[in-house]
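Asks: With the sequence up front, the predicted model follows.
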Amino acid sequence: MPKNTIKKAVKKIKKPKIANPKQTKKQKIDDDESIDSEYLDELENQKPQNISDKSDSEIDETEDNRRLRLAKQILQQTKQELQSKNDDFFQDHHDIHMNDEDKRLNVALLEKFAEKHTIYQSQIQKFDREFNREIYKGHLRAITCTQVDEFGKHMYSSSKDSSIIKWDLETKKKEFIQREVGKHGDGHYDEVLSISLNFDGKILASAGKDHSIKLWDTTSNKLIETLKHHKAPIYGVKFGYNSNNLCSISCDRTFIQWDAAQRAYIDTFFGHSTEANDIDCFNADDFLSCGYDRQMIQWKTKSGGQLLYSGHEQSIDCIRAITLETFATGSIDSNINLWNVKKRKPLFELQKPHGDKWITALGTIYNSDLLISGSIDDNLNIYNVTNKQITKVRSLQSFGIINHINIFDNKILTVESQEHRLGRWITSTKSKNLIVLYL
């Protein structure tokens, strides 16, 4: 298969085409209509000629599975070509290296794509078992956020006491990346509300009420850089998958993109009419945010485009991507909604899974059928997610206000706090500001 064909295929996988803004203005999109994704059709045209036509079972396949199928087909043929060329005894080794270097890179990219976009339907079964609670204590005030590195060896936590702690999950020992400091110190001098790890776990971004973002070296626990551009408290920071693309949301109603590797500001985007409460990402370049204005926005940082969704009756506190095309939201209206990026209305509305208590946190395993929600009702709910429905499977006992949920290595990491992470609208005396690991 020609080298250019593979490059085009990879580009189509990584960067969907965005519709012409002039054409978008002319087209009226109803609430139930789908948003165009013409890049899939173009990707189909790039496949090799010897790939057979779709079978009957492929006609009803989802677009996530369609992307995966095309990537695997191109990957398989590319590997076969490389193998046959390397088995040629009379071919010059230098020519093999020079001509096939791009192909080998493309194979690596396709392998990463195929691995990242496989839907693990069996994940929910791994959480239908007994769990033991392991407690981590260290913060003096409400804990706001946690992060776990890709190897599951270290955990990071932030708190309203202005501290950030690095934990060894094997020994349970803790190291302070920063303690409470004054305005003239290197660290945050006010509440730390959000943290995020980059793709290799070497950079930790933190943000909070002091309007600044701090970049920390997780090896030395030292400050790398302070990023300033927001004019109000920052409620969320998030690294894109497998990248140093960092985005932040704030009470100043802006969405800002940064380059953590270059320690540089890139651009500011506008969309929310009030403060934004939470942020997540689909991939390296596409992000999600939700806010007090009852809106959700998909931000396309490469093209500068955005898509708006609305459906909750009150402020939306948490948002999580499930697959490339679906995401879930939790609101003060006590409901959890399931969304597809192509639909303006929710696919499914799960009403009051925690009673009248609002949804304070959501957790997912990306590209799986697992969703977990937390509230203030002493329950951690586990759900099975399909393309069009959320079904409750079971509940685990919890205490206090659940401010954050992480899932890794078939374990659940939660934050049980006495206060909500963004304020003191609700409080609880049932927790002592703990990090709980369900093993």
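Replies: Done, it's in.
Asks: Isn't residue 274 up against residue 292?
Replies: Yes. Judged on C-beta atoms under 8 Å, residue 274 makes contact with residue 292 at a distance of 4.2 Å. Placement of C-beta: from N, CA and C, glycine included.
Asks: Look at these two and report which has more neighbours.
Replies: Using other C-beta atoms under 10 Å as the criterion, residue 274 and residue 292 rank with residue 292 on top: 19 against 13.
Asks: roughly how far apart are that one and residue 432?
Replies: 29 Å (C-beta to C-beta, to the nearest Å).
Asks: quick one: low-confidence ranges for the stretch 1-150 of the chain?
Replies: Scanning the stretch 1-150 of the chain for pLDDT under 70 picks out the ranges 1-65, 67, 79-122.
Asks: Now residue 189. Its backbone dihedrals?
Replies: Main-chain dihedrals, residue 189, degrees, to the nearest 10: phi -110, psi 10.
Asks: Could you check the pLDDT of the nearest residue to it once chain neighbours are set aside?
Replies: Distances taken as C-beta to C-beta, 6 or more residues apart in numbering put residue 183 closest to residue 189, at 4.8 Å, once the chain neighbours are dropped. pLDDT for residue 183: 70.
Asks: Over to residue 152?
Replies: pLDDT, read off for residue 152, is 91.
Asks: my guess is it meets residue 169, correct?
Replies: Yes. Counting by C-beta under 8 Å, residue 152 does reach residue 169; the two are 6.6 Å apart.
Asks: Name the residue in those two with the higher neighbour count.
Replies: residue 169 (20 against 12).
Asks: ok, now which ones touch the more buried one?
Replies: By C-beta atoms under 8 Å, 6 or more residues apart in numbering, the contact list for residue 169 reads 148, 152, 153, 154, 155, 437.
Asks: Pull the number of nearby residues for residue 279.
Replies: 25.
Asks: what do you get for residue 412?
Replies: Residue 412 has 23 neighbours, counted by other C-beta under 10 Å.
Asks: What distance do you get for it to residue 138?
Replies: Plainly put, residue 412 is 19 Å away from residue 138 if you go by C-beta to C-beta.
Asks: go on, residue 325?
Replies: On the measure of C-beta to C-beta, residue 325 and residue 138 end up 39 Å apart.
Asks: try residue 294
Replies: Residue 294 is 36 Å from residue 138, by C-beta to C-beta.
Asks: quick one on the thing from earlier: ok, of the contacts of residue 169, which come out buried?
Replies: Buried residues within the contacts of residue 169, counting neighbours by 16 or more other C-beta atoms under 10 Å: 148, 154, 155, 437.
Asks: how about TSV for these, with distance to residue 304 and secondary structure added?
Replies: Shown next, in TSV, are the buried ones among the contacts of residue 169 (distance: C-beta to C-beta, whole Å; DSSP: H, G, I helix; E, B strand; the rest coil):
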residue	distance to residue 304	secondary structure
148	32	strand
154	35	strand
155	35	strand
437	40	strand
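Asks: Kindly present these as a markdown table, with separate columns for distance to residue 258.
Replies: Formatted as a markdown table, these follow (distance: C-beta to C-beta, whole Å):
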| residue | distance to residue 258 |
| --- | --- |
| 148 | 22 |
| 154 | 23 |
| 155 | 24 |
| 437 | 31 |
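Asks: Can you name the two of those that sit furthest apart?
Replies: Greatest spatial distance among the buried ones among the contacts of residue 169 (C-beta to C-beta): 154 and 437, at 12.9 Å.
Asks: quick one: pLDDT of the spatially closest residue to residue 179 that is not a sequence neighbour?
Replies: Distance criterion C-beta to C-beta, 6+ apart; nearest residue to residue 179, sequence neighbours excluded, is residue 163 at 5.3 Å. pLDDT recorded at residue 163 is 95.
Asks: go on, residue 177?
Replies: Reading off the model, residue 177 has pLDDT 86.
Asks: That one: neighbouring residues, count only.
Replies: Using other C-beta under 10 Å, residue 177 has 24 other residues around it.
Asks: Could you chop this structure up by domain?
Replies: For the chain, automatic domain parsing gives the domain ranges 3-116, 123-438.
Asks: Please identify the deepest-packed of the ones you listed.
Replies: With neighbours defined as mean count of other C-beta atoms under 10 Å, the domains of the chain peak in mean count at domain 123-438, which reaches a mean of 19.
Asks: on that earlier part again, separation between the residue nearest to residue 179 and residue 70?
Replies: Per C-beta to C-beta, residue 163 is found 47 Å from residue 70.
Asks: got a list of what residue 378 touches?
Replies: Per C-beta under 8 Å, 6+ apart, neighbours of residue 378: 397, 398, 399, 430.
Asks: before we move on, the earlier item: dump the contacts of residue 169 to JSON lines, plus distance to residue 250.
Replies: Shown next, in JSON lines, are these (distance: C-beta to C-beta, whole Å):
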{"residue": "148", "distance to residue 250": "25"}
{"residue": "152", "distance to residue 250": "31"}
{"residue": "153", "distance to residue 250": "32"}
{"residue": "154", "distance to residue 250": "28"}
{"residue": "155", "distance to residue 250": "26"}
{"residue": "437", "distance to residue 250": "31"}
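Asks: hey, what's residue 289 bridged with?
Replies: Beta bridges link residue 289 to residue 279, residue 297, judged by DSSP bridges.
Asks: where's it relative to residue 329, distance?
Replies: 11 Å.
Asks: intersection of neighbour lists for the two?
Replies: With C-beta under 8 Å, 6+ apart as the test, residue 289 and residue 329 both reach 296, 319.
Asks: any idea whether residue 345 is helix, strand or coil?
Replies: coil (DSSP: H, G, I helix; E, B strand; the rest coil).
Asks: Now do the phi/psi pair for it.
Replies: Here is the backbone geometry of residue 345 (degrees, to the nearest 10): phi -110, psi 150.
Asks: Equivalent analysis for residue 355, please.
Replies: phi 70, psi -140.
Asks: Please report the distance of it from residue 195.
Replies: 30 Å.
Asks: and the closest residue to residue 389 other than its chain neighbours, how far is that from residue 233?
Replies: Distance criterion C-beta to C-beta, 6+ apart; nearest residue to residue 389, sequence neighbours excluded, is residue 348 at 5.1 Å. Per C-beta to C-beta, residue 348 is found 33 Å from residue 233.
Asks: same check, this time on residue 423
Replies: In this view, residue 423 and residue 233 are 10 Å apart by C-beta to C-beta.
Asks: just residue 71 next, same as before
Replies: Plainly put, residue 71 is 41 Å away from residue 233 if you go by C-beta to C-beta.
Asks: cool, and residue 411?
Replies: 31 Å.
Asks: Ok, residue 339 next?
Replies: The gap separating residue 339 from residue 233 is 27 Å, by C-beta to C-beta.
Asks: same thing with residue 399?
Replies: When residue 399 is compared with residue 233 (using C-beta to C-beta), they lie 27 Å apart.
Asks: Test my guess that residue 286 contacts residue 304.
Replies: No. Under the criterion of C-beta under 8 Å, residue 286 is not in contact with residue 304, lying 11.9 Å apart.
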